[in-house]
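Engineer: Mind folding the following:
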Amino acid sequence: GKLGESAWIDGKIRVELCEKAIKEEEQTDFIVVSRGELDYGHFVDFDSVSMKLSEYLNKKLEQPITVVYVCGLDHFNKCSYVEQLAKEKNMACAIIYRLGSNDEKIKSIERKLPEKMYYLTLTDEIQSDKLIDLSSTEIRNLFATSTTDEQYEKTIYKCVLEFYKNKHSQ
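Structural biologist: Residues are numbered from 1 along each chain as shown. Next comes the predicted model:
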């Protein structure tokens, strides 16, 4: 992307940040972070991880369970694997609206795969002019250009703010 190698965050650090964010939410007894991808020693893409999780859960459970891969509309538009993933056994995908992203493709696919593809779009209660759209890429952009402000800082976990402030102060 635009940020290049400087935006890369090691997997172990990502897991630590996720665990700290879970603690900030006081959800430590319910939500955990899987370290499975870190054990591979090389990059593993989201579709492989999602399918392996589905296979594992469906071997362990007595009734079938559908694993839902969730991503932003921007990711969906760039990556054809999301649509392919939705066609896999015991898999579905949920696509979340992103400001400035075209939703024609997801609307046509959602109609063809109603049980496998879900599009979470704006409602009357949530208007685009009131939406704070903050993806992980946008957070990295904000810190790389030192343009963070209070509006965004309220929506970012404290541990993530500290990580980026330390990273960009070096």
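
Engineer: Show me what the helix or strand containing residue 68 is packed up against.
Structural biologist: Using DSSP states H and E, residue 68 sits in strand 67-72. Under the contact criterion of 3 or more CB pairs under 8 Å, 6 or more residues apart in numbering; DSSP states H and E, strand 67-72 touches helix 46-60, helix 81-86, strand 91-96. For every residue, glycine as well, the C-beta is placed using N, CA and C.

Engineer: quick one, helices of the chain?
Structural biologist: 11-24, 46-60, 73-78, 81-86, 104-112, 136-144, 150-153, 158-169 (DSSP state H).

Engineer: Same list, the ones you listed, but as JSON lines with mean pLDDT, distance to residue 97 and mean neighbour count please.
Structural biologist: Below are the helices of the chain laid out as JSON lines (pLDDT from 0 to 100; distance: least, CB to CB, whole Å; neighbours: other CB atoms under 10 Å):
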{"stretch": "helix 11-24", "mean pLDDT": "85", "distance to residue 97": "23", "mean neighbour count": "15"}
{"stretch": "helix 46-60", "mean pLDDT": "88", "distance to residue 97": "19", "mean neighbour count": "15"}
{"stretch": "helix 73-78", "mean pLDDT": "91", "distance to residue 97": "5", "mean neighbour count": "19"}
{"stretch": "helix 81-86", "mean pLDDT": "91", "distance to residue 97": "15", "mean neighbour count": "19"}
{"stretch": "helix 104-112", "mean pLDDT": "87", "distance to residue 97": "9", "mean neighbour count": "14"}
{"stretch": "helix 136-144", "mean pLDDT": "68", "distance to residue 97": "14", "mean neighbour count": "16"}
{"stretch": "helix 150-153", "mean pLDDT": "64", "distance to residue 97": "18", "mean neighbour count": "11"}
{"stretch": "helix 158-169", "mean pLDDT": "78", "distance to residue 97": "22", "mean neighbour count": "14"}
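
Engineer: that older thread, helix 46-60 and the strand holding residue 68, what's the angle between them?
Structural biologist: 160 degrees (axes from the mean of the first three to the mean of the last three CA atoms, to 10 degrees).

Engineer: Provide the strand pairings for strand 67-72, with the direction of each partner.
Structural biologist: Partners of strand 67-72 in the sheet, by DSSP bridges, are strand 91-96 (parallel).

Engineer: hmm, who's touching the partner strand?
Structural biologist: Strand 91-96 is contacted by residues 50-51, 54, 66-73, 76, 82-83, 85-86, 106, 115-120 when judged by CB atoms under 8 Å, 6 or more residues apart in numbering.
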